[in-house]
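> need a 3D model of the sequence below.
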Amino acid sequence: MRRNAITTAVKDEESEINLTPMLDVVFIMLIFFIVTANFIKEPGLEINRPDSETAETQENAAILIAVGANDEVWMDGRRIDVRQVKANVVKMLADNPQGSVVIQADEQAIADTIIKVMDGAREAGVNAISLASEPK
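Here you go, the predicted model:
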């Protein structure tokens, strides 16, 4: 009888599945996806973009600038002054030198503010500047 108890314990031990290697693989995959994911940085303001029939998707838009209906300028989730656009774009270009600027301007925004934002981005060294619109 004693022998049967020992062989049963050995069989139970052999029949268990070791989950440690599987958990290691899952954690490595999780780390891989977190590191390679593209995180979208929202400007921090709700915008009613104008409609456009010729809208195109912009790739590698790393710097988003929002111009609200009251001509307030938002970058990286905080409100900034129009004169601070250049400094903020330079700071963001340090993280992604190949990044382009996308300006999300509200339908009610004044063109003068949008042009000042564009000038600030160009002074920072960005030539690829786009205006966001809604496709029809």
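> pretty sure L64 sits in a strand.
Yes. Counting by DSSP: H, G, I helix; E, B strand; the rest coil, L64 falls inside a strand.
> for the helix or strand where S130 lies, which positions count as buried?
Using DSSP states H and E, S130 sits in strand 129-131. Within strand 129-131, the residues scored as buried using 16 or more other C-beta atoms under 10 Å are 129, 131. C-beta coordinates here come from the backbone N, C-alpha and C atoms, glycine included.
> so where's this protein uncertain?
Residues of the chain meeting the criterion pLDDT under 70: 1-15, 38-61, 136.
> secondary structure class for Q84?
Classified using three-state DSSP, Q84 is helix.
> check contacts around it.
Contacts for Q84 (C-beta atoms under 8 Å, 6 or more residues apart in numbering) come out as G120.
> per the record, what domains does the protein have?
2-36, 51-135 (automatic domain parsing).
> kindly list the longest helix within the protein.
Identified as the longest helix of the chain according to DSSP state H is helix 20-36.
> what comes into contact with that one?
So helix 20-36 is contacted by nothing (C-beta under 8 Å, 6+ apart).
> would you list every one of the strands in this protein?
51-52, 63-67, 73-75, 78-80, 101-105, 129-131, 134-135 (DSSP state E).
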